[in-house]
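Chemist: sequence plus predicted model, see below.
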Amino acid sequence: MSIFAIADTHLSFGTDKPMDSFPGWNDYVSRIENNWNKLITDSDTVVIAGDISWAMNFDELKADFDFINNLKGNKIILKGNHDYWWNTASKLNKFIEENGFDSIKILHNNSYTVEGVSICGSRGWMIESEEEHDEKVLNREVGRLKMSLDSAECEEKIVFLHYPPVTENSVCESIIKLLTDYNIKRCYYGHLHGAAARLAVDGEYSEINFRLISCDRLRFMPLLIK
């Protein structure tokens, strides 16, 4: 039993917004499906770190979740900046239960124990948060990540974020401080694509090992992390 991770699947079965027109994203859905089912077994767990679907509501989301649910393994998902369908935990869990999406769980103010480690995380927020609104959202995301970390049952905690907490030219100090305070050693994030991915930190910063796991960065292959 292993843990894998990927981000930014950007599915659009229920909408008309495929990513195939972007460089490197041609035939991306079948590439995800083929790579996933060759690599993952039903006893494995895959964390999907945000930007899961272009859907705007639950009706549009059903086909995308059906696709995810039918992939091998258990899935833990967290919110990305384009997941406009995301709702309260109670409404999301009700949607999942009513539609029989029994391999999908949400990471939202909570954590999961998998293979002797705690899976923690939150969406995070933009690094440059100078405007009052951005500062409020960042503070809320820091609070949600703290709730997730506080709920963890294992000594080793692996953190997943959608937004990068550090890049080659910027640092989100409040999130880095929280990760440091909780002695986090590994953090995985998505969000960066194309030219922006050149700014990604893939390596150690502040004694934490960071890794960009966006779909295109991983060539649409889930990354083994444990």
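Modeler: Great, that's in hand. Residues are numbered from 1 along each chain as shown.

Chemist: what's the local residue count around Ser90?
Modeler: Number of residues near Ser90 (other Cβ atoms under 10 Å) recorded here: 8. The way it works is simple: take the backbone N, C-alpha and C, and place the C-beta from them, glycine included.

Chemist: next one: Phe13
Modeler: Neighbour count of Phe13, defined by other Cβ under 10 Å: 17.

Chemist: got a list of what Val46 touches?
Modeler: Applying Cβ atoms under 8 Å, 6 or more residues apart in numbering, we find Val46 in contact with 3-6, 36, 40, 71, 73-76, 222.

Chemist: my bad, should have said Glu98
Modeler: Per Cβ under 8 Å, 6+ apart, neighbours of Glu98: none.

Chemist: check the one 5 residues further on too.
Modeler: The neighbourhood of Ser103, defined by Cβ under 8 Å, 6+ apart, consists of 68-69, 71, 73-75.

Chemist: got JSON lines for the residues you listed, with pLDDT and distance to Val117 too?
Modeler: Converted to JSON lines, the contacts of Ser103 look like this (pLDDT from 0 to 100; distance: Cβ to Cβ, whole Å):
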{"residue": "Ile68", "pLDDT": "98", "distance to Val117": "22"}
{"residue": "Asn69", "pLDDT": "98", "distance to Val117": "24"}
{"residue": "Leu71", "pLDDT": "98", "distance to Val117": "22"}
{"residue": "Gly73", "pLDDT": "98", "distance to Val117": "16"}
{"residue": "Asn74", "pLDDT": "98", "distance to Val117": "14"}
{"residue": "Lys75", "pLDDT": "98", "distance to Val117": "17"}
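
Chemist: which one of those residues has the most neighbours?
Modeler: Lys75 (23 neighbours).

Chemist: which ones among the contacts of Val46 lie within helices?
Modeler: Trp36 (DSSP state H).

Chemist: which of the contacts of Val46 fall in strands?
Modeler: Taking DSSP state E, the ones among the contacts of Val46 that sit in strands are 3-6, 74-76.
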